[in-house]
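Colleague: Build me a structure from this.
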Amino acid sequence: MFLDWLQHSTSGLLTLCAAGIAVLLVMIIRFRIEPFIALLVSGLLIALATGLPVEDIVGTAQKSSDSLLEGGFASILGHITAIIGLGTILGSMLEASGGAQLLTRKLLAAFGENRAPLAMGLSGLIFGIPVFFDIGIFVLAPLVYVVARQGKRSILLYCLPLVAGLSMTHAFLPPHPGPVVAAGLLGVDLGWIILMGLVCGLPAFAVAGLLYPVWIGKRIDLPVPADMLATADELAAKREGRRDPSLGVVALIIGLPMVLILGATFGSITLPEGSGPLSVLTFLGNPTVALTLAVLLSFWLLGTRRGMTGRDLSELTAGALRPLGMLLLVVGAGGFFGKVLAETGVGDALAGSLRGIGLPMIVSAYVISSGLRIAQGSATVAIVTTGGIVAPLVASAGLSQPQLALIAVAIAAGSIIASHVNDGGFWIISRYFGIPVSDMLKTWTVLETLLSLIAFATAAALSPLLP
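Modeller: Take a look at the predicted model:
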């Protein structure tokens, strides 16, 4: 009787969903188990509890390719692996060539000392497109130290705009893992993700990354620690005599993939189906093709033309790809977790309950993602888990690509809210800019929450207006 209620009633399936998420959080938070393993175990437990045949879950000894386990991993990894890998290589080429420092110095020269916070924010925004959040901090932190010393004001005025720009692009724009994973789980074209990510993310950045740092920087005065200034001076000495790439080359390599992807998206709207120009745009604007072209161009313009050998490029590529293993495992396990929810009927039960209480889908996605983020700290885990829960809800809703992209933005916005002590990024920023924990909670935590709320509010306001 209990099993029948658990496996076939709406309340029972919702109980299973809640129990599965609780198990996931307990394993990650209490027992410090890797999210990859926690997602895998939670998915298997839900699948078994709902009474799915073992053959459906893991296959047979002779064939397992059609199983939930392998199919769940393959469904998402096949979509995102090449995109994330190529994006990581592209960011590493820009980092190794000095393109990031060049861009920041040019912006600082253009805006002047009085507008240095704006220059740092734009630097994080632009350089954050191809580069992971933490790498952006490692590369650009020394420039923050120098500018803060010259300006003789709180380091918060300069570091907060930078990290806000890096956080905005990391949360909302491909080729970063979060938006790419959300797009794959919801079936959204990356061109729409880029467009809606910019539309929702830029206003959030303007408030959280430009206005708020000016306000809080006048109230909390933090000097640049002496040891950080020494590190900045050492790095500046090492850069002397090194030839920087041109600003045009850096801009071309950063902007090319986005232009090609957006070209394919708008081409599909404006050009007749089957036409030659549309075929060309579709091919070049495929995210994997666009990023491959950008990577090859960076190998030539930032690598071989500036003295790098084939061996140098190979070592740089291998080093860039090495940290991606655990990230891809987490994403794959999240794909399996989501497929289990879809196949067991848990997703349909959740959809019915949300419709019953009248909560819009975009709000549900944001609330779920925010709760998971606050509880366990990882934005990636919040996105893959929420995407798995929401994907069955949107599959039958008949939503357009722009509306699906806004739901992806809402999930990404929830995944960055209220960064605190269980988030690795919290400690990276605290360490690199010498900000005490109490001040981190007053500054970085508030900044991330503003970024999240404003981006979500923009997405929610736009959603009913789009076809």
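Colleague: what about the strands in the stretch 101-250 of the chain?
Modeller: With DSSP state E, counting those that start in this stretch applied, the stretch 101-250 of the chain shows no strands anywhere along its length.
Colleague: what stretches of it score poorly on pLDDT?
Modeller: For the stretch 101-250 of the chain, applying pLDDT under 70 flags the ranges 227-242.
Colleague: ok, residue 343 - contacts?
Modeller: 47, 52, 56, 68 (C-beta atoms under 8 Å, 6 or more residues apart in numbering). Every C-beta, even on glycine, is put in place using the N, C-alpha and C of the backbone.
Colleague: Which of those residues sits closest to residue 38?
Modeller: residue 47 (15.0 Å; C-beta to C-beta).
Colleague: Surely the closest one is in contact with residue 57?
Modeller: Yes - using C-beta atoms under 8 Å, residue 47 is in contact with residue 57, at 4.7 Å.
Colleague: which residues are in contact with both of the two?
Modeller: By C-beta under 8 Å, 6+ apart, the residues touching both residue 47 and residue 57 are residue 68.
Colleague: more crowded one of the two?
Modeller: residue 47 (28 against 21; other C-beta atoms under 10 Å).
Colleague: buried residues in the helix or strand harbouring the more buried one?
Modeller: Secondary structure from DSSP states H and E places residue 47 in helix 35-49. For helix 35-49, burial by neighbour count (16 or more other C-beta atoms under 10 Å) applies to 35-36, 38-47, 49.
Colleague: So what touches the helix or strand following it?
Modeller: Next in sequence after helix 35-49, counting helices and strands by DSSP H and E, comes helix 54-58. Helix 54-58 has contacts (C-beta under 8 Å, 6+ apart) with 44, 47-48, 64, 67-69, 343.
Colleague: got those as a markdown table, with distance to residue 377 columns?
Modeller: Shown next, in a markdown table, are the contacts of helix 54-58 (distance: C-beta to C-beta, whole Å):
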| residue | distance to residue 377 |
| --- | --- |
| 44 | 23 |
| 47 | 26 |
| 48 | 28 |
| 64 | 33 |
| 67 | 31 |
| 68 | 28 |
| 69 | 26 |
| 343 | 29 |
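Colleague: out of these, who's nearest residue 192?
Modeller: Among those, and counting by C-beta to C-beta, the member closest to residue 192 is residue 343, at 27.0 Å.
Colleague: what residues are up against the closest residue to residue 371 other than its chain neighbours?
Modeller: With C-beta to C-beta, 6 or more residues apart in numbering as the criterion, residue 371 has its nearest non-adjacent residue at 7.9 Å, and that residue is residue 414. Neighbouring residues of residue 414 by C-beta under 8 Å, 6+ apart: 365-373, 382, 386, 452, 456.
Colleague: Restricted to strands, list these.
Modeller: Using DSSP state E to define strands, no part of the contacts of residue 414 is located there.
Colleague: farthest-separated two in these?
Modeller: 372 and 456 (14.7 Å).
Colleague: Out of the contacts of residue 343, give me the one that has the most neighbours.
Modeller: Most surrounded of these: other C-beta under 10 Å gives residue 47, at 28 neighbours.
Colleague: What lies in contact with stretch 208-226?
Modeller: 117-118, 121, 124-125, 145, 148-149, 153-157, 160-161, 164-165, 168, 433-435, 439, 442-443, 446-448, 450-451, 454.
Colleague: out of these, which are inside helices?
Modeller: Among those, the ones falling in helices (DSSP state H) are 117-118, 121, 124-125, 145, 148-149, 156-157, 160-161, 164-165, 168, 433, 439, 442-443, 446-448, 450-451, 454.
Colleague: Columns pLDDT and distance to residue 326 on top of the contacts of helix 54-58, output as a markdown table?
Modeller: A markdown table is the format used below for the contacts of helix 54-58 (pLDDT from 0 to 100; distance: C-beta to C-beta, whole Å):
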| residue | pLDDT | distance to residue 326 |
| --- | --- | --- |
| 44 | 94 | 19 |
| 47 | 91 | 23 |
| 48 | 92 | 26 |
| 64 | 79 | 23 |
| 67 | 90 | 23 |
| 68 | 89 | 22 |
| 69 | 91 | 19 |
| 343 | 83 | 26 |
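Colleague: Determine which two of the residues you listed are furthest apart.
Modeller: Between all members of these, the farthest pair (by C-beta to C-beta) comes out as 48 and 64, at 16.3 Å.
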